[in-house]
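*Asks:* next come a sequence and a model predicted from it.
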Amino acid sequence: MLGQELVRLMGRRPEYDLLATGRDAEPRFSGGSCGYTRLDITDETAVERLFDDFEPDVVINAAAMTHVDACEADRELCWKVNADAVDSLVRCCRDHGARLLQISTDFVFDGQDGPYREDARPNPISYYGRSKLAGENNARGAGTDRWAIIRTVLVYGAPQADARSNFVLWVHSKLRAGEHIRVVTDQWRTPTWVVDLADAVERVVRFRKSGIYHVSGRELMSVHAFAHRIAKVAGLDASLIGEADKTTFSQPAERPEKTGFIILKAETELGFRPHDIETAIRQTLGLEAPGNPSA
Ligand SMILES: NC(=O)c1ccc[n+]([C@@H]2O[C@H](COP(=O)([O-])OP(=O)(O)OC[C@H]3O[C@@H](n4cnc5c(N)ncnc54)[C@H](OP(=O)(O)O)[C@@H]3O)[C@@H](O)[C@H]2O)c1
């Protein structure tokens, strides 16, 4: 989802010579001025070859094993993708003098003390969170001022074909079909529009920033309240949204209770200004003509 949005945003800027990568032979995006090559980031030889061929100045690692329960089930693969692969990217970045932007997650925190600032102490409670924290620690090896970690929270948007669905699209499709859903009241987040996230990533590249940045929407709410906002914006029947909590579903991975971010650093250092959540939901659902996302 983020990769496609970065292609859309950065592919149209003449100052960037952008090469997107993915596991498929063909790209899952169309349009934009952007090269594409197949790459599995766990294939160290292929990563090295690509660095030799393309000689990047900046690498944005938006690839990850993102399904939290799948990470619990296949820990070996999860660690390979989310932690070890970052280490080989770092080695190549050091050899080629490139900067690394590593995308990370609120799941590095335990959810006891949110919303979080960048200097809060990580304490992951899921294997996904542990692997992403290890990825962060590996990213720091790129060298002084040569790494940035951008953490984000509950991302939604309208990706192109073949991307993973997301919470806004799921709630909308269920309610539109008149189906009842149950959504947790005991998890709080600051939901993030992928357009805002990509904008922040581009700013980190443009301003040559390093260090950790928390990037998310502004509003802290329960996931249940978020579902209600989606229903409200889309004009759908919110009475179909039932309540659930952590005892309702048996999920392999534990979820942090209250995360969410304080985004003051991104606002002051990057000029980051996320859209208000109702505008973002509306545009995700195609209910409003998209404006200039970075306006
Ligand atoms: N989505 C959220 O709510 C959320 C919240 C916090 C943080 N994040 C972080 O944001 C970043 C972007 O996530 P996203 O939301 O864009 O998730 P996404 O849509 O699942 O994108 C992750 C991409 O990584 C690719 N990938 C997985 N293993 C790979 C490998 N070995 N080699 C190359 N590509 C590989 C996946 O390809 P396939 O499609 O082929 O599997 C997928 O296209 C991730 O670092 C994630 O941890 C996301």
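*Replies:* Good, I have the coordinates.
*Asks:* quick check: residues of this protein near the ligand?
*Replies:* 1-3, 22-23, 40-42, 62-66, 81, 103, 105-106, 132, 152-155, 163-164 (Cβ under 6 Å from any ligand atom). Backbone N, C-alpha and C define where each C-beta goes, glycine included.
*Asks:* strands - which of these land there?
*Replies:* Within the residues of the chain next to the ligand, residues falling in strands by DSSP state E are G22, I103, T105, T152, V155.
*Asks:* for the ligand, what's the nearest residue on the stretch 151-295 of the chain?
*Replies:* Using Cβ to the nearest ligand atom, the closest approach of the stretch 151-295 of the chain to the ligand is made by V155 at 3.7 Å.
*Asks:* need the contact list for that residue.
*Replies:* M1, L2, N166, P191, T192, W193, V194, L197 (Cβ atoms under 8 Å, 6 or more residues apart in numbering).
*Asks:* may I ask which two of those residues are separated the most?
*Replies:* Spanning the widest gap among these are L2 and P191, at 14.3 Å by Cβ to Cβ.
*Asks:* narrow the residues of the chain next to the ligand to just the buried residues.
*Replies:* Neighbour-count burial (16 or more other Cβ atoms under 10 Å) applied to these gives 1-3, 22, 41-42, 62-66, 81, 103, 105-106, 132, 152-155, 163.
*Asks:* ok, the residue of the stretch 151-295 of the chain closest to the ligand to S239 distance?
*Replies:* 27 Å (Cβ to Cβ, to the nearest Å).
*Asks:* then H275?
*Replies:* Taken as Cβ to Cβ, the span from H275 to S239 is 28 Å.
*Asks:* so which of those two has more stuff around it?
*Replies:* The neighbour comparison of H275 against S239 (other Cβ atoms under 10 Å) goes to H275, with 19 against 9.
*Asks:* in this protein, which spans are strands?
*Replies:* Under DSSP E, the chain gives strands at 19-22, 35-38, 58-61, 99-105, 147-152, 155-156, 181-184, 188-189, 192-193, 211-214, 221-222, 241-244.
*Asks:* sorry, back to before: find me the pLDDT at the residue of the stretch 151-295 of the chain closest to the ligand, would you?
*Replies:* Note for V155: predicted pLDDT of 98.
*Asks:* likewise the one 5 residues further on?
*Replies:* pLDDT, the model's per-residue confidence, is 80 for Q160.
*Asks:* before we move on, what about S33?
*Replies:* Predicted confidence (pLDDT) for S33: 76.
*Asks:* how near is the residue nearest to it when sequence neighbours are not counted to the ligand?
*Replies:* Nearest non-adjacent residue to S33, counting by Cβ to Cβ, 6 or more residues apart in numbering: G11, 5.3 Å away. Going from G11 to the ligand by Cβ to the nearest ligand atom, to the nearest Å gives 16 Å.
*Asks:* list the contacts for the closest residue to L18 other than its chain neighbours?
*Replies:* Counting by Cβ to Cβ, 6+ apart, L18 lies nearest to C34, which is 4.6 Å off, once chain neighbours are set aside. Contacts for C34 (Cβ under 8 Å, 6+ apart) come out as V7, M10, G11, L18, L19, A20.
*Asks:* then L285?
*Replies:* Taking Cβ under 8 Å, 6+ apart, one finds A158, V168, L169, H172, V233, A234 in contact with L285.
*Asks:* out of these, who's nearest P124?
*Replies:* For the contacts of L285, the residue nearest P124 by Cβ to Cβ is V168; the value is 25.3 Å.
*Asks:* my read: that closest one touches V233, true?
*Replies:* No. Counting by Cβ atoms under 8 Å, V233 is not a contact partner of V168; they are 9.2 Å apart.
*Asks:* who has more neighbours, those two?
*Replies:* Neighbour count, other Cβ under 10 Å: between V168 and V233, V168 has more, with 26 against 20.
*Asks:* got the contact list for the residue lying closest to the more buried one once chain neighbours are set aside?
*Replies:* Nearest residue to V168 in three dimensions, chain neighbours excluded: Y156, at 4.0 Å (Cβ to Cβ, 6+ apart). For Y156, the contacting residues are N166, F167, V168, L169, P191, T192, W193, V194, A280, I281, T284, by Cβ under 8 Å, 6+ apart.
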